[in-house]
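# sequence first, then the predicted structure, then my questions.
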Amino acid sequence: MRIGILKCGQSPEELRGELGDYDTMFERLLAGRGFDFASYHVEAMQFPPDVRAAQGWLLTGSRHGVYEQHPFIAPLEEFIRAAYAQHVLLVGICFGHQIIAQALGGTVTKHPRGWAVGAHDYDFGGEKITLNAWHQDQVVALPQDAQVVARNEFCDNAALAYEDRAFTVQAHPEFDDAFVQGLIDHRGRGAVPEPLLKQARDRMGGPRQSQGIADRIEAFFKAPRAFSAEIRQGVA
């Protein structure tokens, strides 16, 4: 199954050589699951020729805000709406989660409570899943078709499902602790309050359930109707 990765940003240059860029992180996360990948750097205005150039699309994180005026934002939203209308599957992570929501009529803002950095626990229908996060923006108003799949006390809309068309997650299943430490070193200091950085460092080394999200992404891409039915029953 061909999955197109829409790279909405790049990892810090200081980390890219050793830890990879956002597209290669997702290739590692989803390795061995029967997918082959094509990557498009949409932040640099490299777009696929058509929404059906892949059977599904995965939108990555980015250092940008979806509400900012960057050249790639409007055409990416148009691409999302076209894919959604044609029932071409969409998965979004962090920025991808936010821009899918915005493109389909939701609202994203900078959260008044600030940043989520490092390990956070999320309630996925009664199952606790711990994932690394790195964001200060959140989806605060849902599009019409969106159903909340996961939340915690900091993020009400931590994962969303859009019937059998899209599945999105605010946190980063593709980020390991080494990458979070790199973000702290190269993007966090001076931007994120030090107590939050310390809290993130203190939780490093603990268990993460990134493969649980990889399982859900695989299930969604391979059997979206069954995935949607499980979501409606509250078991996915």
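It's in. It should be emphasised that the depicted structure is a prediction, and the values quoted were computed from it without experimental measurement. Residues are numbered from 1 along each chain as shown.

# the spatially most central residue of the chain and residue 4: what is the separation?
Centroid check for the chain by CA atoms, centre = their mean gives residue 93 as the closest residue, at 0.6 Å. Using CB to CB, to the nearest Å, residue 93 is found at 14 Å from residue 4. C-beta here means a position set from N, CA and C on the backbone, and glycine is covered the same way.

# and what of residue 36?
Separation of residue 36 from residue 4 (CB to CB): 10 Å.

# what pLDDT is listed against the residue nearest to the centre of the chain?
On pLDDT, residue 93 comes in at 98.

# phi, psi for it please.
phi -120, psi 130 (degrees, to the nearest 10).

# picking that back up, residue 36 and residue 4: who's more crowded?
A direct count of neighbours by other CB atoms under 10 Å for residue 36 and residue 4 places residue 4 higher, at 21 against 9.

# where along this protein do the helices fall?
13-19, 22-29, 73-85, 95-103, 177-183, 194-202, 210-222, 224-233 (DSSP state H).

# out of these, which is closest to residue 161?
helix 224-233 (4.6 Å; CB to CB).

# and the angle for that closest one with helix 210-222?
120 degrees (axes from the mean of the first three to the mean of the last three CA atoms, to 10 degrees).

# list the buried residues in helix 224-233.
Burial within helix 224-233, assessed by neighbour count using 16 or more other CB atoms under 10 Å, is assigned to 224, 227, 228, 230, 231.

# now do the buried residues in stretch 125-137.
129, 130, 131, 132, 133, 134, 135, 136, 137.

# just the pLDDT for the first one.
In the prediction, the pLDDT value recorded for residue 129 is 98.

# try the fifth one
As summarised for this prediction, residue 133 has a pLDDT of 98.

# the residue nearest to the centre of the chain contacts residue 174, correct?
Yes: counting by CB atoms under 8 Å, residue 93 touches residue 174, with 6.9 Å between them.

# joint contacts of those two?
Common neighbours of residue 93 and residue 174, counting by CB atoms under 8 Å, 6 or more residues apart in numbering, are residue 26.

# quick one: low-confidence ranges for this protein?
234-236 (pLDDT under 70).

# need the contact list for residue 169.
Taking CB under 8 Å, 6+ apart as the test, what residue 169 contacts is 92, 93, 94, 97, 131, 150, 158, 159, 213.
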